[in-house]
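**Q** have a look at this fold, sequence not included:
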């Protein structure tokens, strides 16, 4: 059995960024990571642009100007503008080449066909120069950048329509257990509703991983070998729920051994999630998660999600860590590190009731997990606690 730190180090060491790069429409790129630098194909703005509704001035030494026309946003014209002349102009419109400044409309008086300035403007005031935001040929966004809504908008202003991104992995979820039935069916004695696959699917979707398929297998060796061979062959990532312990009807470990996967570690000194299994087979990654729902979800956030993010090109792969002051008391019952469902409110953290690995209710109310290292045996009110902030 290894420590949490050793398990994290091993998952990181055995995980590499994918070499699969694809081009996708900019409109579909949210949350992906750029696999190549993007150079701006244009100057932005592509012309001298008015930053105000006002008047473009042919000089800045006079206070009285004759109005000789108008330019609005989108006009393709570049009218002549002489000294002592002004043109009515609107925000975003192209500024005439001879214009020395734009004065906002609130700082002028209009008398007949003339305007009278209330103050002298500075040279080039209220004019956005050509290429002010970015010049043609310079890097707009660098390789490794996570594409945000603002990033999509920024690239759209430059005329970019497609981007090269690291392809996110395909993922199979395999739920094991004779006792499990889908929600909606009538429960027979001894049966429970299967929740791990939909929980993991929701967590994956929330984190931007949508190429996911769910499978179910009963506790039978041949069937387990068959389904695991199929999903390891067809998917980049395999997440197995349950069947990894050492009971008479836990066949996942035996099946994976038969399929010649490379076990990296099995069992972590943590609670919940002690029977966590991590393996590789060539480029494929396999996690066997505990069957208890809270254990499976804890292991997902701590180990699986950072692995998926690193494969997808992210450099910052872990959920955000922080510290907060406890307003709870808690005592450990063993020597393992613990991940406790918790809620942060008003800069304090409450450790929730219902920490059993079989219970999801507290997870449904949590917005963080408290991490207690092996050496911490109890929590008192006022203690500073390490937190993993949940998505």
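**A** Thanks, I have the structure now. These numbers were taken from a predicted model, which means no experiment stands behind them. Numbers count the residues shown, from 1 in each chain.
**Q** tell me where the stretch 51-200 of the chain has strands.
**A** 54-57, 64-71, 85-89, 101-104, 108-111, 114-117, 127-128, 139-141, 162-166, 171-176, 180-181, 192-193 (DSSP state E, counting those that start in this stretch).
**Q** so which of these is nearest residue 207?
**A** The closest of the strands of the stretch 51-200 of the chain to residue 207 is strand 171-176. By Cβ to Cβ, the value is 10.9 Å. C-beta: built from backbone N, CA, C; applies to glycine.
**Q** check which helices and strands the closest one sits against.
**A** When contacts are defined as 3 or more Cβ pairs under 8 Å, 6 or more residues apart in numbering; DSSP states H and E, strand 171-176 sits against helix 196-206, strand 212-217, helix 221-234, strand 237-241.
**Q** for the longest one, which positions count as buried?
**A** For helix 221-234, the buried set under the neighbour-count rule, 16 or more other Cβ atoms under 10 Å, comprises 224-225, 227-228, 231-232.
**Q** cool, stretch 194-209 as well?
**A** By 16+ other Cβ under 10 Å, the buried positions in stretch 194-209 come out as 194-197, 199-201, 203-204, 207, 209.
**Q** next: stretch 40-49.
**A** For stretch 40-49, burial by neighbour count (16+ other Cβ under 10 Å) applies to 40, 42-45, 48-49.
**Q** list just the nearest of those residues to residue 237.
**A** Nearest to residue 237 among those is residue 40, at 35.3 Å by Cβ to Cβ.
**Q** who's in contact with that closest one?
**A** Listed by Cβ atoms under 8 Å, 6 or more residues apart in numbering, the contact partners of residue 40 are 134-140, 158.
**Q** buried subset of those as a PyMOL selection?
**A** Here is the PyMOL command that selects only those of these that count as buried (16+ other Cβ under 10 Å):
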select buried, resi 134+140+158
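**Q** which one of the contacts of residue 40 is nearest to residue 375?
**A** residue 139 (46.4 Å).
**Q** could you find the closest non-adjacent residue to that closest one?
**A** residue 37 (5.0 Å; Cβ to Cβ, 6 or more residues apart in numbering).
**Q** what's the answer for residue 22, then?
**A** Per Cβ to Cβ, 6+ apart, closest to residue 22 is residue 167, 4.8 Å.
**Q** count of neighbours near that neighbour?
**A** Here the count is done by other Cβ atoms under 10 Å, and residue 167 has 18 residues near it.
**Q** I'd say it and residue 17 touch.
**A** No: between residue 167 and residue 17 there is no contact, the gap being 10.7 Å when judged by Cβ atoms under 8 Å.
**Q** who touches both of those two?
**A** Both residue 167 and residue 17 are contacted by residue 312, under the criterion Cβ under 8 Å, 6+ apart.
**Q** now do the helices in the stretch 251-391 of the chain.
**A** Secondary structure of the stretch 251-391 of the chain by DSSP state H, counting those that start in this stretch: the helices cover 252-258, 293-299, 305-311, 361-365.
**Q** hmm, back to that, what's the closest of the helices and strands packed on strand 171-176 to residue 370?
**A** When the helices and strands packed on strand 171-176 are compared by Cβ to Cβ, helix 196-206 sits nearest residue 370, at 18.9 Å.
**Q** and the closest one, what's its mean pLDDT?
**A** Summarised as a single mean, pLDDT over helix 196-206 is 97.
**Q** next, the angle from that helix to strand 212-217.
**A** 170 degrees (axes from the mean of the first three to the mean of the last three Cα atoms, to 10 degrees).
**Q** contacting residues around helix 196-206?
**A** Outside helix 196-206, the residues that touch it by Cβ under 8 Å, 6+ apart are 171, 173, 175, 183, 210, 212, 214, 216, 239, 241-242, 289, 291, 293, 296-297, 300-301, 305, 308, 360, 391.
**Q** and those, which are buried?
**A** Burial by neighbour count, 16+ other Cβ under 10 Å: within these this picks out 171, 173, 175, 212, 214, 216, 239, 241-242, 289, 291, 293, 296-297, 300-301, 305, 308, 360.
**Q** residues contacting residue 157?
**A** Contact analysis of residue 157 by Cβ under 8 Å, 6+ apart lists residue 44.
**Q** just residue 155 next, same as before
**A** Neighbour list for residue 155: 26, 38, 140-141, 163 [criterion: Cβ under 8 Å, 6+ apart].
**Q** per-residue pLDDT, the residue nearest to residue 22?
**A** Per-residue confidence (pLDDT) for residue 167: 98.
**Q** how much space between it and residue 311?
**A** Residue 167 is 9 Å from residue 311, where distance means Cβ to Cβ, to the nearest Å.
**Q** so can I have TSV of the buried residues of helix 221-234 showing pLDDT?
**A** Rendered in TSV, the data for the buried residues of helix 221-234 read as follows (pLDDT from 0 to 100):
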residue	pLDDT
224	96
225	97
227	97
228	97
231	98
232	98
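**Q** which of those lies closest to residue 331?
**A** Checking these against residue 331 with Cβ to Cβ, the nearest one is residue 224 at 38.8 Å.
**Q** can you put the contacts of residue 40 in JSON lines and add pLDDT?
**A** Below are the contacts of residue 40 laid out as JSON lines (pLDDT from 0 to 100):
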{"residue": "134", "pLDDT": "98"}
{"residue": "135", "pLDDT": "98"}
{"residue": "136", "pLDDT": "98"}
{"residue": "137", "pLDDT": "98"}
{"residue": "138", "pLDDT": "98"}
{"residue": "139", "pLDDT": "98"}
{"residue": "140", "pLDDT": "98"}
{"residue": "158", "pLDDT": "98"}
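**Q** how about the contacts of residue 40 in a markdown table, adding distance to residue 69?
**A** Shown next, in a markdown table, are the contacts of residue 40 (distance: Cβ to Cβ, whole Å):
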| residue | distance to residue 69 |
| --- | --- |
| 134 | 30 |
| 135 | 30 |
| 136 | 29 |
| 137 | 34 |
| 138 | 34 |
| 139 | 39 |
| 140 | 35 |
| 158 | 30 |
